[in-house]
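Trainee: Everything below, folded, please.
(one chain, ligands or ions: 1)
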Amino acid sequence: MTKILVTGGVGFIGSHTVVELMQAGYEPIIIDNLSNSSINVLDGIEKITGKRPFFAQVDCRDKTAIDQVLKQQGPIKAIIHFAASKAVGESVEKPLLYYRNNLVSLLNLLELMQENSIQHLVFSSSCTVYGQPEVLPVTESAPIQPALSPYGNTKQICEEIITDTAYADKNIHAILLRYFNPIGAHPSAEIGELPIGVPQNLIPYVTQTAAGIREQLKVFGNDYNTPDGYCIRDYINVTDLAKAHVVAVQRLTEEKQKQSVEVFNIGTGRGLSVLEIINAFEKVTGQKLNYAVVGRREGDIEQVWADPTFANTELGWKAEKGIEETLLSAWKWQEKLKSKV
Ligand code: UD1
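Mentor: All right, here's what the predicted structure looks like:
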């Protein structure tokens, strides 16, 4: 079976990707430092797939430890690199943590790819690289804007590091996936998002408020220059997103890519406002959400949604799940978490 190293493989997007990889016949080799994830996620993966994937608690800043896994578990055909710090606000407070973690991890992996003759890399990038695009929907050729946070900057720098490395070393091929806003949970409700502490992102805050864990959702601003005044995002189902990684691995390993580094927007192509999300959540779950509009959040983009045409045509990938199904999956997961406590 083809082995794929998955860094951050028990995290939110990583765990869903591990499931999709296994269901597509790959053997994921997971490394994760468990800094923002739980080992129990492996139980959920096993329930869904019937198999427990290999796991090692390894921090990607530790090159020797990754190398040991590569040597013991190899040959590895490709790497999917999720492991990174991702909280925008925290990155402003602790920039060095973010630069060290996100950049050193990538440097280690790229050096190890060269040292172990691993040619293929799929990298988790973000629509944050576009900032507030002038043209919507945003395509991959839109200009990269100055980052608004150290987190966003690490994504830009990582894209550049990968591009420079692949330019210099013709053996290295990479696909950069620019995610829009990943939400939802596996339809089985065996795995989902596990925010530690107070959630910073919209959907976990919504589900925790509906579940009574948080008193009230604060909606950050309704005075934006959008049809209803609320911010607009492109919310992508995490299972759909996970599948994009499988097709990216297939494209790389079957040597179908047309350039050594390719970039794809992974979004639905549909922008929804925060109010539309709240209304859809209330409708589909029957829960009344306690929310109040407060001031804008610093650093928020007014509106962004993807033009996913390139991923649709070149990658053969398309978002399949609608927002209601996706919000319902997030709610089912929240209810399951509650019943475990
Ligand atoms: C941002 C980044 C994304 C990054 C993510 C990580 C952009 C466009 N996106 O997502 O790349 O991966 O952070 O955290 O830069 N909201 C509320 N109340 C809340 C929480 C959120 O009203 O309690 C609103 C926000 O103002 C925003 C929307 O919900 O309009 C989505 O916010 P969030 O889920 O935090 O994601 P982004 O900020 O879009």
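Trainee: just to confirm, which helix or strand has the closest residue to E46 other than its chain neighbours in it?
Mentor: Once flanking residues are discounted, E46 sits nearest to R52: 4.5 Å by CB to CB, 6 or more residues apart in numbering. (Each C-beta comes from the backbone N, C-alpha and C, glycine too.) Using DSSP states H and E, R52 sits within no helix or strand.
Trainee: Could you report the neighbour count for R52?
Mentor: 11 (other CB atoms under 10 Å).
Trainee: Next: E140.
Mentor: 18.
Trainee: Residue numbers of the stretch 101-250 of the chain in contact with the ligand?
Mentor: With the criterion set to CB under 6 Å from any ligand atom, the stretch 101-250 of the chain comes near the ligand through 126-128, 181, 200-202, 205, 217-220, 231, 233.
Trainee: is the ligand contacted by the helix or strand harbouring L337?
Mentor: Taking DSSP H and E as the criterion, L337 maps to helix 323-340. No. Using CB under 6 Å from any ligand atom, helix 323-340 never reaches the ligand; the gap is at least 11.8 Å.
Trainee: where exactly do the helices run in the stretch 151-300 of the chain?
Mentor: Applying DSSP state H, counting those that start in this stretch to the stretch 151-300 of the chain gives helices spanning 202-210, 238-253, 274-285.
Trainee: Same question for the stretch 1-150 of the chain.
Mentor: Using DSSP H, counting those that start in this stretch, helices in the stretch 1-150 of the chain cover 12-23, 41-49, 63-73, 88-93, 95-99, 105-115, 150-168.
Trainee: Let me have those in JSON lines, adding mean neighbour count as columns.
Mentor: Below are those laid out as JSON lines (neighbours: other CB atoms under 10 Å):
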{"stretch": "helix 12-23", "mean neighbour count": "25"}
{"stretch": "helix 41-49", "mean neighbour count": "19"}
{"stretch": "helix 63-73", "mean neighbour count": "16"}
{"stretch": "helix 88-93", "mean neighbour count": "16"}
{"stretch": "helix 95-99", "mean neighbour count": "15"}
{"stretch": "helix 105-115", "mean neighbour count": "19"}
{"stretch": "helix 150-168", "mean neighbour count": "18"}
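Trainee: Turn those helices into CSV, including distance to R251 and mean pLDDT.
Mentor: Below are the helices of the stretch 1-150 of the chain laid out as CSV (distance: least, CB to CB, whole Å; pLDDT from 0 to 100):
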stretch, distance to R251, mean pLDDT
helix 12-23, 14, 98
helix 41-49, 23, 98
helix 63-73, 22, 98
helix 88-93, 30, 93
helix 95-99, 30, 98
helix 105-115, 17, 98
helix 150-168, 15, 98
